[in-house]
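Undergrad: Below are the sequence and a predicted model; questions follow.
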Amino acid sequence: MSCLQLSVPLLAASRSKRTAVRCASDRQELFNRIAPVYDNLNDLLSFGQHRIWKRMAVSWSGAKPGDSLLDLCCGSGDLTFLMSEKAGERGKVIGLDFSKEQLSIASSRQYLLSKACYNNIEWVEGDALDLPFSNGYFDAITMGYGLRNVVDKRRAMQEMFRVLKPGSRVSILDFNKSVQPLTAFVQEWMIDNVVVPTATVYGLAKEYQYLKTSIDTFLTGKELEKLALDAGFSYARHYEIGGGLMGNLVATR
Ligand SMILES: C/C(=C\Cc1cc(O)c2ccccc2c1O)CCC[C@H](C)CCC[C@H](C)CCCC(C)C
Ligand SMILES: C[S@@+](CC[C@H](N)C(=O)[O-])C[C@H]1O[C@@H](n2cnc3c(N)ncnc32)[C@H](O)[C@@H]1O
C-alpha cells in the first residue's frame, strides 16, 4: 500500500522516520505530476469558486501594505499573488513549496501576469516542517490546501507559530471535514462522482483518489482549533465556507 493511501493513524502508528520521509516524497512527486493541470482542474471542478475561498483566506490573514508575508505550500502561487497585492511594493512575500514543478508554474505565472507589485515575491523551495526563517519574522502567514498534505500537522503548526511575530495571524484554508452528515455526504458524492472521474480523463485518478483519502483522514474544525492552541497560539477559530465544503482556520500568536 503506497503511503498516498495510508491513513494518518496508520502512518502515525508506523512512526518510522523512513516511512514519513517516503510519504513526503510520494506527495512531492504527486504535486510535481499534477502541476501542469492543477490550476485548470481547480477552476473547472470548483466552477472557479476556489478563487473566492482563497481571497477570504488572505483577508483573514490580516496582511497589509509593507508587511513581510509567507504563503506556505504555495503551489502555483494563487495565494502568493493575492498576498503580494496586499503587501504592495514596500512589502515582501515569500512563496514556499517543496515541489519544483509547482514553483516553476508559479514563477512562469509571475512573469506572464507581470503586475508591478509581483516584484515583491520570492519563491523558495523548502519544507514546511523545517522552515528556513528566523523566529518572529513574518507579519502574516497563509496556507492554502497545504496542512492536509503535510506528513506532520503538529510540526507544521509549530513552525508557523515560531516564524510569526507576536500578535500576528495565520490563515489556513482547506477542505472542511464536516461533522454534519449531509455536508459530508455531498462533499464525498461530488468527489466520487465528479472530481475523480474528471481527473481520470486526465490520467490522474490515483492523484485525486488521494485527495479523497486525505480529506477522510483530516481534522475537524474543532480539532484544528485545538491543534493551533496546543502549538501555542493564543486564539484559534475555524470558519466553515463554501456551504461547509471548505473551512478556514484563523489563529493568532
Ligand atoms: C483548490 C481546491 C483544491 C486544491 C487541491 C488540494 C489537494 O490537496 C489536492 C490533492 C490531490 C490532487 C489535487 C488537489 C487539489 O486540487 C478546491 C477546489 C478544487 C477541488 C478539486 C474541487 C472540489 C469540489 C467540491 C468538493 C465541490 C465544489 C462545489 C461547487 C463549488 C458548487
Ligand atoms: C494542494 S496544493 C496547494 C497549493 C496552493 N496553496 C493552492 O492553494 O492552490 C498543496 C501544496 O503543498 C505542497 N506541500 C506538501 N507538503 C509540503 C511540505 N512538507 N513542504 C512544502 N510544501 C509542501 C505541495 O507540493 C503542493 O504544492
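TA: Sure thing, it's come through. Numbers count the residues shown, from 1 in each chain. Ligands and ions are numbered 1, 2, ... in the order given.
Undergrad: what secondary structure does Ile172 sit in?
TA: Counting by DSSP: H, G, I helix; E, B strand; the rest coil, the backbone at Ile172 sits in strand.
Undergrad: what's it in contact with, if anything?
TA: Residues in contact with Ile172 (CB atoms under 8 Å, 6 or more residues apart in numbering) are Ala57, Thr142, Met143, Gly144, Gly146, Leu147, Leu224, Asn248, Leu249, Val250, Ala251. C-beta coordinates here come from the backbone N, C-alpha and C atoms, glycine included.
Undergrad: quick one: which of these is nearest to Gln180?
TA: Set against Gln180, the nearest of the contacts of Ile172 by CB to CB is Leu224 (16.0 Å).
Undergrad: Doesn't the closest one lie inside a strand?
TA: No. Counting by three-state DSSP, Leu224 is not part of a strand but helix.
Undergrad: returning to what we had before: between the contacts of Ile172, which is nearest ligand 2?
TA: Gly144 (2.9 Å; CB to the nearest ligand atom).
Undergrad: Distance to Glu122 and neighbour count added to the contacts of Ile172, as CSV?
TA: Shown next, in CSV, are the contacts of Ile172 (distance: CB to CB, whole Å; neighbours: other CB atoms under 10 Å):
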residue, distance to Glu122, neighbour count
Ala57, 20, 28
Thr142, 15, 31
Met143, 17, 28
Gly144, 18, 24
Gly146, 18, 21
Leu147, 22, 23
Leu224, 28, 25
Asn248, 25, 26
Leu249, 25, 25
Val250, 25, 21
Ala251, 24, 27
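Undergrad: Quick check: Ala35 vs Val250, distance?
TA: Distance of Ala35 to Val250, given as CB to CB, to the nearest Å: 28 Å.
Undergrad: Residues of the stretch 151-253 of the chain that sit close to ligand 1?
TA: Gln187, Met190, Ile191, Val195, Glu207, Tyr208, Tyr210, Leu211, Ser214, Gly242, Leu245 (CB under 6 Å from any ligand atom).
Undergrad: Show me which pair in the residues you listed is furthest apart.
TA: Longest distance between any two of those is 21.6 Å, between Glu207 and Gly242; criterion CB to CB.
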